[in-house]
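> below: sequence and its predicted model.
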Amino acid sequence: MGKSAGTAVGQKTFAEKFKSRKVQQMLVIVTFLFAPLLLLIVFTYLPFMKMVQFSFYNMKYIGPKKFVGLANYVDVFNRPEIFRALLVSVYYMGGAVVQLGLALFFATMMVFKVKGESVFKAAMFFPYLICGIAVGFIFKFFYARGFVLDSLLQMFGMSLEDIPYWLQDQSINNFALAATSVWRYTGQNMIMFLGAMMSVDNDLYEAAALDGANNWHRFIYIILPSIKSIVVLNLILSISGSLSAFEPPYVITNGTMGTGTYFVIMNRLAHENQKVGLACAMAIVLLVIIIICTVAQKLFFAYVFDNGTDDESKAAVRKRKREERRKNAQKGAAV
């Protein structure tokens, strides 16, 4: 009887458990997570699952739909214009490499302290704040015949007849469009590089200066190894983003004259031709391509570089081990 009463006294009621600190903390966490998780499910995961479902149907936005299995995926691989559009992404990949090089150069300049760096950083980062559609309209008039770029070249003595048609000439129009992405994203990458560079210990710069190292040596032996992980991350993001380039070709040329990227062709099939199932299949194929490219890049950089914390890169370790094996073999042969 006494034992039963003691157990009853030791047990907490539901109201007491509900008012406990641990339960209240869990309620707060669940309450704050509910809204973002709900939005994520409703606007991301459910549409993605519906897109996967639609890719197996021959359908329009309105009207009946017919299940066709993998026919849309077969059609994607049989249409030459679709994978020709992927080749256009190579121009944007080249532009991504250029923009990363420029961003790294400008960020290094900011680290070594130049006059007016605050104004320069603001001016470089400003294009990233502009909407992509607005950037497209800016460069549409910038490249238009007889407008801004042509007028600037004429000021330097070039004749209008000698200036190419920047958007009509298929030998240069994709270069011109890729340059718009370089202009827009260089500042963003510069700020990311600059943030990583500012986390490097200043004592390393001072020690290098005492040893007589110039700015180039400090960049090669201190800055670049310290921000290697950020460089790799930006390169992966830039190349993956190049596969999904959309605003410049869509706004400036509407994908005509050989400038249509994969996204432009997909948009045309979905909205103009009402081939929703085929466009969904294209989106799934592009997702798989991006995943493959990302994994391939990560494996490549994991093979070539270290994780940013080791004293030697993996390539340097492999080279050192080869040299050790070669010397051991020479010693063995000499004995």
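Yes, it's here. Owing to the predicted nature of the structure, the values given are computational and were not obtained by experimental measurement.
> mind listing what the residue nearest the centre of the chain touches?
The residue lying closest to the centre of the chain (C-alpha atoms, centre = their mean) is L237, at 2.3 Å. By C-beta atoms under 8 Å, 6 or more residues apart in numbering, no residues touch L237. Yep, even glycine has a C-beta here, placed from its N, CA and C like the rest.
> now it: which helix or strand?
Per DSSP states H and E, L237 falls inside helix 228-242.
> residues of that helix that come out buried?
By neighbour count on 16 or more other C-beta atoms under 10 Å, the buried set for helix 228-242 is 228, 230-232, 234-242.
> quick one, grab the pLDDT at the residue nearest to the centre of the chain.
Looking at L237, its pLDDT is 86.
> again, but for K327
77.
> and what of G308?
We have a pLDDT of 43 for G308.
> related to what we said a few turns ago, closest one of the buried residues of helix 228-242 to G332?
Of all the buried residues of helix 228-242, G332 sits closest to K228, with 36.9 Å by C-beta to C-beta.
> which residues touch the helix or strand that the helix holding L237 is followed by?
For helix 228-242, the following helix or strand on the C-terminal side (DSSP H and E) is helix 247-248. Applying C-beta under 8 Å, 6+ apart, the set of residues contacting helix 247-248 from outside is G132, I133, V135, G136, F139, L177, A178, T180, S181.
> centre of the chain to helix 247-248, how far?
Mean-position distance between helix 247-248 and its chain equals 15 Å (C-alpha atoms, centre = their mean, to the nearest Å).
> make 738 the starting number, not 1.
Understood, numbering begins at 738; the last thing we discussed is helix 984-985.
> identify all contacting residues around the strand or helix carrying L770.
Assessed by DSSP H and E, L770 sits inside helix 758-777. Contacts to helix 758-777, defined as C-beta under 8 Å, 6+ apart, come from residues K754.
> buried ones in it?
Using 16+ other C-beta under 10 Å as the test for burial, helix 758-777 gives no buried residues.
> what's the first helix or strand after it?
Following helix 758-777 in sequence, per DSSP H and E, is helix 783-791.
> the top helix by length along the chain vs helix 965-979, what angle?
As assigned by DSSP state H, the longest helix anywhere in the chain is helix 817-848. Helix 817-848 runs at 150 degrees relative to helix 965-979, counting by axes from the mean of the first three to the mean of the last three C-alpha atoms, to 10 degrees.
> for helix 817-848, the averaged confidence score.
When pLDDT is averaged along helix 817-848, the result is 89.
> for that helix, which positions count as buried?
819, 822, 825-826, 828-830, 832-833, 836-837, 839-841, 843-845, 847-848.
> list of residues touching stretch 889-899?
Under C-beta under 8 Å, 6+ apart, the answer for stretch 889-899 is G883, D887, I900.
> ends of that stretch, what's the gap?
End-to-end distance for stretch 889-899: 13 Å, by C-alpha to C-alpha, to the nearest Å.
> now that stretch: average pLDDT?
For stretch 889-899, the mean pLDDT works out to 89.
> please apply the same query to stretch 800-812.
91.
> and that stretch, what's buried?
Neighbour-count burial for stretch 800-812 flags V805, A808, N809, Y810, D812 (criterion: 16+ other C-beta under 10 Å).
> the residue nearest to the third one when sequence neighbours are not counted - how many residues pack around it?
So the one you mean is N809. Of all residues not flanking N809 in the chain, A1018 sits nearest, at 3.7 Å (C-beta to C-beta, 6 or more residues apart in numbering). If you count neighbours by other C-beta atoms under 10 Å, A1018 ends up with 28.
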